[in-house]
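Participant: Sequence first, predicted coordinates after that:
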Amino acid sequence: MAGEALFQEHPASYPASVSFATKQYYFGTVNTSRKVALPAGQGEHSDGVVINTPAADESATLWMQPGTVVPVIAGTNGVTNGNEVTPDVDGRGENAASADWVMGKALATAAVGVQFDM
């Protein structure tokens with residue numbers, strides 16, 4: 001994958017507030033307890049993409065380096081190549097609407113559950 005080599009340069013790690021065992025490449029947010037959680041809701045801010053699969057309280061690694069490529073899992077509505085991406089209600093990526101927090105741009109079209117580069 002195009003972004004994998006870049007992960008080694010600037011990741012940040014914090015304890016996971018929930019299990020990310022089945023949520024690799026979902027958006028994550030550092031909460032007020034300094035733990036990684038899923039974003040608060042659809043279109044909300046995220047601090048990066050979780051690039052590993054930690055259980056709750058294990059170290060979750062967030063990739064949050066602007067200008068690099070990172071894989072993301074497509075949400076319920078999928079994503080379209082070239083569109084801006086925001087977290088969906090489950091922490092996966094979807095096409096951003098005008099009021100959503102934009103996390104990046106889809107570099108491929110992907111259906112729900114499919115990994116794409118952003």
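Facilitator: Here it is on my side, so go on. Just so it is clear, the structure is predicted and the values come from calculations on it, not from any experiment.
Participant: When you work out contacts or count neighbours from here on, use the C-alpha atoms and nothing else.
Facilitator: Will do.
Participant: Residue 13: what secondary structure?
Facilitator: Judged by DSSP: H, G, I helix; E, B strand; the rest coil, the three-state class of residue 13 is strand.
Participant: Does it touch residue 58 like I think?
Facilitator: No. Using CA atoms under 8 Å, residue 13 makes no contact with residue 58, being 9.6 Å away.
Participant: Which of the two has more residues huddled nearby?
Facilitator: Taking neighbours as other CA atoms under 10 Å, residue 13 and residue 58 compare with residue 58 leading, 18 against 15.
Participant: rewinding a little: which neighbours do residue 13 and residue 58 have in common?
Facilitator: Residues touching both residue 13 and residue 58 by CA atoms under 8 Å, 6 or more residues apart in numbering: none at all.
Participant: neighbouring contacts of the lowest-mean-pLDDT helix or strand in the chain?
Facilitator: Least confident helix or strand, the chain: strand 11-15 with a mean of 90, by mean pLDDT, DSSP states H and E. For strand 11-15, the external contacting residues (CA under 8 Å, 6+ apart) are 30, 34-36, 56-65.
Participant: Give me the buried entries from those.
Facilitator: Neighbour counting by 16 or more other CA atoms under 10 Å classes 30, 35, 36, 56, 58, 59, 60, 61, 62, 63, 64, 65 among the contacts of strand 11-15 as buried.
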